[in-house]
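1. 3D model of this:
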Amino acid sequence: MIYLFFLLVLGLPIMVMEFAVGRGSQKSAARSFHELEPKGAKWHLYSYGAMLGNYMLMMFYTTVGGWMLIYFLKMAKGEFQNQPPEIVEGAFTGMLANPLQMGFWMVVVVLLGFGVCSLGLRNGVEKITKVMMSCLLAIMIGLVIRAVTLPGAGEGLRFYLLPDFKRMAEQGIMSVVNAAMGQAFFTLSLGIGAMAIFGSYIGKERSLTGESISITILDTIVALMSGLIIFPACSAFGRDPGQGPGLVFVTLPNIFNQMPLGRLFGSLFFVFMSFAALSTIVAVFENILSFAMDLWGWSRKKAALVNVIAIILLSVPCVLGFNLWSGFQPLGPGSNVQDLEDFIVSNNLLPLGSLVYLLFCTSRYGWGWDNFIKEADAGNGLKFPKAIRFYVTYLLPLIVFFIFLQGYNDKFHILERILALFR
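-> Numbers count the residues shown, from 1 in each chain. Below is the predicted model of the structure:
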C-alpha cells in the first residue's frame, strides 16, 4: 500500500519530468541538459552522473540476468527433480563460487542485449521487446492461476494482500516507508536518464502524463502478478517467503520440485524472469548507445561494439565479488561488490538524479515550469495537473532529499551513532 502510494505521488511526477526533458531536447541524458538549460548554467554537469548510473546499474544487472538463464537451463534439464533441499541450495552456492560459469552467462546477456539494440529502435528494441513482454504476460497469467489454486495457497494470499501494521511497526515505520519510496524509484529507473531517452522517441501527438500513467500501471500489474505467483506457492509448500535472492534461486526451485508439472512451471518461471531482466537490460543499453551517438556522433553499430567490450569488463568485478574477491566486504561483514554497486545506484544516483530532474523542470534557474508544462501537455491525453505545482516545486524535492539521507541512515545507522554520543 505504501509503495503504491509513493509510486503515484513520487514516481509518476518525476517520470513525466524525465520524459519531458528527453522529448524537449530530442537527446539522451548525455546532451539533454546542454540543449535545454539557460545560457551559462551548469545543469549539464549532471549528465556525467546519469551516464555513470546507467553503466553502474549494468555492472551488476548483467550478472543477475546471467543467473536467470543458468536457472532456466537447470530447470529445463530437470537438475532439481527429486533432489533434497540441501542439494538445491548447494546448486546456488556452487554457481556463485564458479566465476567461469557466471562470467560466461554474463557475456551471453551482454551480447544478447547489445545485439537487440544494434538492430535499431523499431526493428530491434521495439519489436523484440514487444514479443518478450507478450510472452512474459502470458506465462505469468498461467503461473498465477496455478499458484493461487494450490492447496494451502489462501494463507499466502492473506500474507501478501492483507495489511498488517503491527508487522510494519516491528520492522520500523521509517525503514518500511524508505524502502517503499526507494523501490518506487528503482522500479521505474528514475533519475539516471533511462526514461529520458524513451521520452525523446515519444511523438508530440501524445501527452506525457498519459504515457507515464500507462507505463506505471503496466509495471505495477507485473509486480503484483509476481507476488501472486510467489507468496501462495511459498504458503502451499511451507517455505519462508522472506529470503531475498535465496527466495528465487533456492526456495522457488524447491517449491517447483514438489509441484505437479514442477519442471515445466519452473522452466516457464525462469523464462519470464529472464525476459524481465533482458527487457531492463535492453532499455538501459539503448540509453548507453545513445550517449555515444550523441557525444561523439558514432554509428549505432560502432557504439554497440565498443560498449560490448566496456560492459563486459565493467561487469567482471561483480562476478568475482562472490568468489575470488569475496574477502572484499566494502559495506561490512557479509557484503560484496554487488552490494556496493547497488548502494551507489539505488541510494545515491537514483534519488539525487531524480532531484536534479525535479529542480531542473520547476526552477526558473533551470528549464522552468512553463517550458516543462508546455512539453508535458503537448498532444492528446491526460494533462499534468497544474494544481500540484507547489507540491512538486517545494515539497517533493524535500521528500526526495529525505529518501537520500534515510538511505544512508538505514545502511550506516548514523542517527543512532549521533544520539549515542549524547547519552
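2. helices and strands around the helix or strand of the chain with the lowest mean pLDDT, which ones?
-> Ranked by mean pLDDT, DSSP states H and E, the helix or strand of the chain with the weakest confidence is helix 245-246, at a mean of 73. Using 3 or more Cβ pairs under 8 Å, 6 or more residues apart in numbering; DSSP states H and E, no helix or strand is in contact with helix 245-246. Any C-beta I mention is one placed from the backbone N, CA and C, and that applies to glycine too.
3. following element in sequence after it, please.
-> helix 252-258 (DSSP states H and E).
4. after that next one, next one along is what?
-> Assignment by DSSP H and E places the next element after helix 252-258 at helix 262-296.
5. check the offset of the least confident helix or strand of the chain from the chain's centre.
-> Distance of helix 245-246 from its chain centroid, counting by Cα atoms, centre = their mean, to the nearest Å, is 17 Å.
6. with stretch 11-23 instead?
-> Distance, stretch centre to chain centre, for stretch 11-23: 16 Å (Cα atoms, centre = their mean).
7. could you pull up the mean pLDDT of that stretch?
-> Stretch 11-23 shows a mean pLDDT of 96.
8. give me the buried positions along that stretch.
-> Judged by neighbour count (16 or more other Cβ atoms under 10 Å), stretch 11-23 contains these buried residues: 11-23.
9. check stretch 322-341 too.
-> F322, W325, S335, N336, V337, Q338, D339, L340, E341.
10. tell me which of the residues you listed is nearest to V392?
-> Proximity of these to V392 (Cβ to Cβ) peaks at E341, which lies at 30.2 Å.
11. in terms of helices and strands, where is the nearest residue to that closest one once chain neighbours are set aside?
-> Leaving aside its chain neighbours, E341 sits nearest to F60 (4.7 Å; criterion: Cβ to Cβ, 6 or more residues apart in numbering). Using DSSP H and E, F60 sits within helix 46-77.
12. what's downstream of that helix, the next helix or strand?
-> Following helix 46-77 in sequence, per DSSP H and E, is helix 85-96.
13. for that next one, packing partners?
-> By 3+ Cβ pairs under 8 Å, 6+ apart, helix 85-96 packs against helix 46-77, helix 99-118, helix 252-258.
14. tell me the mean pLDDT for the second one?
-> The one in question is helix 99-118. Taken as a whole, helix 99-118 carries a mean pLDDT of 94.
15. and that helix, what's buried?
-> By neighbour count on 16+ other Cβ under 10 Å, the buried set for helix 99-118 is 99, 102-103, 105-107, 109-110, 112-114, 116-118.
16. and if you look at stretch 241-259?
-> Here stretch 241-259 shows 241, 247-257, 259 as buried, counting by 16+ other Cβ under 10 Å.
17. okay, now the unreliable bits of the chain?
-> Where the chain drops to pLDDT under 70, the residues are 121-124.
18. apply 80 and report the result again.
-> Applying pLDDT under 80 to the chain flags residues 120-130, 132-133, 136, 239-246, 251, 258-259, 410, 413-423.
19. could I get the full set of helices for the stretch 101-250 of the chain?
-> Assigned by DSSP state H, counting those that start in this stretch, the helices in the stretch 101-250 of the chain fall at 127-148, 153-161, 165-171, 173-188, 196-199, 208-236, 245-246.
20. deepest of those helices, which one?
-> helix 196-199 (a mean of 26; mean count of other Cβ atoms under 10 Å).
21. contacts made by that helix with the rest, please.
-> Residues from elsewhere that reach helix 196-199, judged by Cβ atoms under 8 Å, 6 or more residues apart in numbering: 18-23, 25, 28-29, 32, 50, 208, 283, 286-287, 290.
22. before we move on, back to that, so can I have JSON lines of the helices and strands packed on helix 85-96 showing distance to I418?
-> Listed next are the helices and strands packed on helix 85-96 as JSON lines, based on distance: least, Cβ to Cβ, whole Å:
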{"stretch": "helix 46-77", "distance to I418": "28"}
{"stretch": "helix 99-118", "distance to I418": "40"}
{"stretch": "helix 252-258", "distance to I418": "41"}
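23. looking at the ones you listed, which is closest to F412?
-> Checking the helices and strands packed on helix 85-96 against F412 by Cβ to Cβ gives helix 46-77 as the closest, at 19.7 Å.
24. tell me how far that closest one lies from the chain's centre.
-> 10 Å.
25. next, the angle from it to helix 262-296.
-> Comparing the axes of helix 46-77 and helix 262-296 via axes from the mean of the first three to the mean of the last three Cα atoms, to 10 degrees yields an angle of 160 degrees.
26. give the buried residues for helix 46-77.
-> Neighbour-count burial for helix 46-77 flags 46-47, 49-72, 74-75 (criterion: 16+ other Cβ under 10 Å).
27. same deal with stretch 399-414?
-> Of all the residues in stretch 399-414, those buried under the rule 16+ other Cβ under 10 Å are I399, V400, I403, F404, Q406, G407, N409, D410.
28. who's in contact with that stretch?
-> 10, 14, 174-175, 178, 181-182, 185, 331, 343, 346-348, 351-352, 354-355, 358, 415.
29. what does stretch 361-369 give?
-> The contact list for stretch 361-369 (Cβ under 8 Å, 6+ apart) reads 17, 20-21, 24, 36-38, 41, 43, 359-360, 372, 389, 392-393.
30. show me which of these are buried.
-> Among the contacts of stretch 361-369, those classed as buried by 16+ other Cβ under 10 Å are M17, A20, V21, G24, L36, E37, W43, L359, F360, F372, V392.
31. of those residues, closest to K302?
-> Each of the buried ones among the contacts of stretch 361-369 was scored against K302 by Cβ to Cβ, and V21 proved nearest at 26.1 Å.
32. elements contacting the helix or strand harbouring the closest one?
-> Here V21 sits within helix 12-25, counting by DSSP H and E. Contacts defined by 3+ Cβ pairs under 8 Å, 6+ apart place helix 12-25 against helix 32-36, helix 196-199, helix 208-236, helix 350-362, helix 369-376, helix 396-412.
33. if you set the cut-off to 6 Å instead, what comes out?
-> On a contact count with 3 or more Cβ pairs under 6 Å, 6 or more residues apart in numbering; DSSP states H and E, helix 12-25 meets helix 32-36, helix 196-199, helix 208-236, helix 350-362, helix 369-376.
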